Structure formats: C-alpha cells, structure tokens
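Enquirer: show me the folded form of this:
(2 chains)
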Amino acid sequence: MKIAKKTLIYLVLAIGALMMVLPFFWMLISSLKTAAEVNTTPPTFWPETPVFENYVYAFSKAPFLTYFRNSVQVTVCCVIVTMFTTILAAFAFSRLKFPGRDLLFSLLLSMMMIPFEMLIITNYATITNMGLLDTLPALIIPFCSSIFYTYILRNFFLAVPDSLYYSARIDGASNWRFLWRIMVPMAKPALVTIGLLNAIACWNSFLWTVVATNSKEVRTLPFGLYAFMTSSGIRYERLMAAATIVVVPMILLFIFCRKSIVTGVSRGGLKG
Amino acid sequence: MKKGIFKRQKKDGEPLTLRTFAEPAAYLLPFMIGLLVFTAYPFVNVIILSLRENYSLMSGTFSGIGLGNYVQIFHDPSFLNGLKNTGLYVLFVVPIATALSLLIATLLNSSIKLQGLFQTCYFLPMVTSITAVGLVWKWMFNYDYGLINYFFSLLHIAPVNWLNDPRYNLAALIIYGIWNMIPFTVILLLSGYQNINPQYYTAARVDGAREGRIFFRITVPLLAPTLGLTMIINVISASKVFTELFPLFNGKPGSAYSLYTVVYYLFDMFYKQWQLGPAAASAVILFIIVLIFTMLQLFVQRKWKNY
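Expert: Residues are numbered from 1 along each chain as shown, chains lettered A, B, ... in the order given. Down below sits the predicted model:
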C-alpha cells in the first residue's frame, strides 16, 4: 500500500515535471534539426544527425552577439546601481532616525502597487527630453530605484541587533563605515537574492525595451529575438536556435543559484 | 511650520537640528530621485493626462478637463474586447494554475527524494524570457507540425488551429499562461507549507484520520491564507497580460485582432496610434483594477494574521 502510494506520487510528479520541461527540450531538439526534419509528421524526438547550421544562421543574420552584449551591459549596470540605491535607502529606513521615517516608508510601500505599464507614457516623454531615447541608458535609468528590493533589505537590516550598531559607534565608526563594513557583509544572502531577482527581471524585460529603443545597435536579447522572428520569417529550426541563445544564460544562472532565487521569491513574491 | 519642527525635541532628548535630516536625506537622495522622476511624477501625470480632452501631442493643447477619454474608451470595441479577454484570461488561468500548483506543492512537500531535480524542472519557467519561451509555444501550437496537435492525433482528437483561428486564440494564450504561472505559485505554496506546524499532522495520524480528511481538514484551512494571497498576487499579474501576444501572434492582438488585453490596448493607443488621452485613461483603469485587488490582499492579510 505504502509503496503503491509512493509510486503514484513519483509518477504524478514526473509527468508534471515533463510537462514543465517539454518546451525547453523541444526548443533544443528542434534547433538541432534540418529544415526538412523539422517539418515532418510524426515529429522525431531526437535529431537524426544534429546540425548546428541554425545557430550559424542566427548569428550571421542578426547581430545576436551585439544583443547579448547589450543585455549583459544593461543587466549588470542595472543590478549595480539598484543595489547601491537600495543599500543606502534600506539603511536610512532601518538604522537612521528621523521624524516621519515610518510614515514616508509606508507611503512608499503603497506606491508599490502602481503597475509599471501605467507609467510608460510619461516615462517615454521623460527619457526623450533627457535625450536618451534609443540608447542603452534608457533601459537602465528608470529601473534604478526599487521599493520592493528596499523593503526586503530593510527587513533584513532590522533583524541586525542594535548592540552591534552601538558598539561600532562607540568604537568611533561612522554610519557610513558601519554600513559598508558590517551591515553589507552580513546582508550578503539578501543582497544575492535581490541581485538575482533584479537580473532576471532586467534580462527578460520586454515592453519598455520595445517602447524605448528602436535601432539594432541598442536592442537587448528578447527584443532582438522578436525582431529576428518578424524579419527573417517563420523558420522554426532557426527560431528555436535563436530562442536557445536567449534562454540558456538564464537556465545556467538558475541551475547554479536555484536556492537563492527560490528563497527570494518565497520571501516576497516576484515583482515583474 | 518648519520652525515648529526644529524647536521640538526628539524622544531621546537630542535637539532636532538640520543635521537630523541632512544625513538621512543624503542616504535617501539617489533612491528618491529615481522614484520621484520615474514613478511618482508619471503616476500623477498620467492621471492628469487622462482627464485632458482632445489632447494634441504636437501643440500640447487640449479642449478641456473631463471624463471624455474614459467615455471614449468605454465606447471603443477594442477596449471592451480587451477588458473581456483580460477578465476571461484571469478567470481561467488563476484558478487552474492554482489548483495544479496546489497538487504539485502538496506532492513535493511529502518526503520524497530527488527534490532538487523536481524543483529545477518545476521552477525553470520562472526565470526564462516570456518572449523566447513564447516562441517555443508558438512552434508547439503550430497547426501542421506542432507538438500539441501531434499529441492530439495520438488521442484521435482533430487538430486545432490554435493560432490562426480566432476562436482558439484565447485558449492558446490561457494554456501558455497557466504553464507560466505554475512555478511562482508552487514556490509560494511550498513556503506556506513550511509554516504549518507538523504536530497537527502527527496528532491527526494518531487519531487515525485518513489522508483525504487530513488534506481537507488540516492542510486546506491552514494553507488558506497563503492560498488566498497567492491567488490575489496572481490575479494582479494576470491582469497585466501583454508580452505573451508578441511571440504567439507576431505582435498582433490575436489573429483577427480580437484578442486585445487591457495592457495591449494601452500599448496600442500610446505607441502605435499616439492617442495619449485614451492611452492614459486605459492606464488609470488598469491601476484601478490592480488597486481593487491589492486592497483585497491587504484585507485578507489582516484577517488571517491570527494564524
């Protein structure tokens, strides 16, 4: 009876897991097929002879290396700047004392429900007035202050005992020194989580990228992939190769940092 | 007014001086600038914009202040279509995805091996780009050679023209949406499970309760707060459905322009037609939808705090 139940659990979980992974498997397999083999019924679940010409084609027809570089630049800059503003703000909201602090913080928390989609109209005008339309900074600057990440980090900072702060102050450390020498190293797990969530959001961002950029030179991978689809026609073996290029870095990141990502998501939900 | 603040004393007796504000202000400055310029100001601005009637982008002039833009979009079949589709999408995706996630989370929570492998499989879609994976789904939904119609043929079901027959467009969007929503929901439900005291289960087993009874009498009530919150968060995120349309329908709202969503309408009015007034009005409607569900979330959170 017990064995039967266990088997059933594993069976259901395995079927579910297969459904979740199927698109990724199918993407990879299709990208290694020839045009003739892709369009056959019944489909083959393993390429007869794996070919890499689709990847060669994708890289030659669209500047995927440029897109890739842009994505990396935007993601890295965004994560670093956001981390900086988040650390400073979280410290002010947890450790520094000033009148109206908690009132200001709850006001900011209520701003968290403003959907970003609502703001694109005005942000487009702002970015245009700054002369940044169709540049990489346009993809970074609007996302450098995150209430959500500040909230996570503030909660982490609040858990650090007061005694640590006072003894550091008695030893003559300034707030600034205390923050970077003691708080930040202690908050490393929270910072890793925030950085990962932020990187995933940056890497996959689409709506704002479509609105704020236009030329090939500043496209990031998701928009570049979409442009590749509309410009080079629906040839699935090639599209799947291009999709693989976009997806693989995130899969690798996930496999190596699964625990931090999962903790981060379960702590506060993913704010897309 | 300001003088009054400065004269007051802080609780610990330190006098309030300019310094009291200077240091926090310096720490908050970079954060607040970004927030004011790219969230607070555009939020206010879009509301003002939505109230300006016949706003002209070129001259910056408008004929008056009123609800004209709202009247216009509520008479626009595309916007009504968007509201309907967004509603249907939420109505199907959220309950189905939550039910499936509850099953998966429950099974994952029972003491099984291979946790790491299963978690990787189930959570992977959360980190991958909607655009890229959407392309894969487009391929799987393909009428002639798609994987889904192939599986249908094995079950002797007639092939479905998912992406080119407008009757099935929404169904395709919903299937992709469910797949996309499961990882996040499973994670939240699993963390809800972590908070249930295992003693309840021990006690129930000692009393000889059966599994089904344990599930409905212990798990479901104790998981209810997490379940409720998860569903509301999912409703909010599903209300913003938009990006999925680009890979699936080549950037069109469905094959026959009958699959508008609220955000797609906003994007279309703003970016394609440059009608800022109606675009802003639809943005405010989106905000009101999100606001309602956020209030509901806060209410649920407060109500269940005792657990």
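Enquirer: who does the host helix or strand of residue B:176 touch, helix- and strand-wise?
Expert: Taking DSSP states H and E as the definition, one finds residue B:176 inside helix B:166-194. Using 3 or more CB pairs under 8 Å, 6 or more residues apart in numbering or on different chains; DSSP states H and E as the contact test, the elements touching helix B:166-194 are helix A:2-31, helix A:236-268, helix B:77-109, helix B:115-123, helix B:130-140, helix B:220-239, helix B:245-249. (C-beta placed from N, C-alpha, C; glycine too.)
Enquirer: what's the angle from it to helix B:115-123?
Expert: 150 degrees (axes from the mean of the first three to the mean of the last three CA atoms, to 10 degrees).
Enquirer: and helix B:166-194, what's buried?
Expert: B:168-170, B:172-193 (16 or more other CB atoms under 10 Å in any protein chain shown).
Enquirer: mind listing what's buried in the helix or strand containing residue B:199?
Expert: Here residue B:199, judged by DSSP H and E, is contained in helix B:198-206. Buried residues in helix B:198-206, defined by neighbour count with 16+ other CB under 10 Å: residue B:204.
Enquirer: got the angle for that helix vs helix B:220-239?
Expert: Using the same axes, to 10 degrees: helix B:198-206 against helix B:220-239 is 130 degrees.
Enquirer: who's in contact with the helix or strand that helix B:198-206 is followed by?
Expert: Following helix B:198-206 in sequence order, the next helix or strand is helix B:211-214 (DSSP H and E). Helix B:211-214 has contacts (CB atoms under 8 Å, 6 or more residues apart in numbering or on different chains) with B:201, B:204, B:205.
Enquirer: just the closest of these to residue B:248, please.
Expert: The shortest approach to residue B:248 among the contacts of helix B:211-214 belongs to residue B:201, at 43.1 Å (CB to CB).
Enquirer: pretty sure the closest one is touching residue B:218, no?
Expert: Yes. Counting by CB atoms under 8 Å, residue B:201 touches residue B:218, with 6.6 Å between them.
Enquirer: need the contact list for whatever residue of the stretch 151-272 of chain A ends up closest to chain B.
Expert: The nearest approach of the stretch 151-272 of chain A to chain B comes at residue A:266, 3.6 Å away (CB to the nearest CB). Remark: with contacts taken as CB under 8 Å, 6+ apart, residue A:266 is in contact with B:187, B:188, B:190, B:191.
Enquirer: so for the chain, the centremost residue is which one?
Expert: Unless you meant another one, I'm taking chain A. The centre of chain A sits closest to residue A:200, judged by CA atoms, centre = their mean, with a distance of 1.1 Å.
Enquirer: right idea, wrong chain: chain B
Expert: The centroid of chain B falls nearest to residue B:237 when counting by CA atoms, centre = their mean (0.3 Å).
Enquirer: separation between that one and residue A:58?
Expert: Distance, residue B:237 to residue A:58, using CB to CB, to the nearest Å: 31 Å.
Enquirer: how about residue A:52?
Expert: From residue A:52 over to residue A:58 (counting by CB to CB), the distance is 10 Å.
Enquirer: the two: which has the busier surroundings?
Expert: A side-by-side neighbour count of residue A:52 and residue A:58, using other CB atoms under 10 Å in any protein chain shown, places residue A:58 first with 23 against 10.
Enquirer: in this structure the more buried one contacts residue A:240, no?
Expert: No. Using CB under 8 Å, residue A:58 is not in contact with residue A:240; the gap is 9.5 Å.
Enquirer: domain map for chain B?
Expert: Domain segmentation of chain B under automatic domain parsing yields B:2-65, B:75-304.
Enquirer: packed most tightly, which of those would that be?
Expert: domain B:75-304 (a mean of 18; mean count of other CB atoms under 10 Å in any protein chain shown).
Enquirer: which residues of chain B score low on pLDDT?
Expert: Residue ranges of chain B with pLDDT under 70: B:1-16, B:57-58, B:304-307.
Enquirer: got the contact list for residue A:47?
Expert: In this structure, residue A:47 makes contact with A:29, A:32, A:33, A:34, A:37, judged by CB under 8 Å, 6+ apart.
Enquirer: how about residue B:33?
Expert: By CB under 8 Å, 6+ apart, residue B:33 lies in contact with residue A:145.
Enquirer: tell me which element it falls in.
Expert: Per DSSP H and E: helix B:18-35 holds residue B:33.
Enquirer: CA-only coordinates of that helix in PDB, if you can.
Expert: Only the C-alpha atoms of helix B:18-35 are listed here, as PDB (Å, rounded to 0.1, in the frame of the first residue of the first chain):
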ATOM      1  CA  LEU B  18      19.300  70.400  10.300                       C
ATOM      2  CA  ARG B  19      21.800  67.600  10.900                       C
ATOM      3  CA  THR B  20      19.000  65.300  11.900                       C
ATOM      4  CA  PHE B  21      17.700  65.500   8.400                       C
ATOM      5  CA  ALA B  22      20.900  66.000   6.500                       C
ATOM      6  CA  GLU B  23      22.300  62.500   6.900                       C
ATOM      7  CA  PRO B  24      19.200  60.500   6.100                       C
ATOM      8  CA  ALA B  25      18.500  62.800   3.200                       C
ATOM      9  CA  ALA B  26      21.900  62.100   1.800                       C
ATOM     10  CA  TYR B  27      21.300  58.400   2.100                       C
ATOM     11  CA  LEU B  28      17.900  58.600   0.600                       C
ATOM     12  CA  LEU B  29      18.700  61.000  -2.200                       C
ATOM     13  CA  PRO B  30      19.700  58.600  -5.000                       C
ATOM     14  CA  PHE B  31      16.800  56.300  -4.300                       C
ATOM     15  CA  MET B  32      14.200  59.100  -4.000                       C
ATOM     16  CA  ILE B  33      15.300  60.900  -7.200                       C
ATOM     17  CA  GLY B  34      14.700  57.700  -9.200                       C
ATOM     18  CA  LEU B  35      11.400  57.100  -7.500                       C
END
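Enquirer: which element follows that helix toward the C-terminus?
Expert: Downstream of helix B:18-35 (by DSSP H and E), the next one is helix B:41-51.
Enquirer: which secondary structure elements does that next one sit against?
Expert: Other helices and strands packing on helix B:41-51, by 3+ CB pairs under 8 Å, 6+ apart, are helix A:116-129, helix B:68-74, helix B:276-303.
Enquirer: quick one on the thing from earlier: max pairwise distance over the contacts of residue A:47: which two?
Expert: Pairwise distances across the contacts of residue A:47 peak at 12.3 Å for A:29 and A:34 (criterion: CB to CB).
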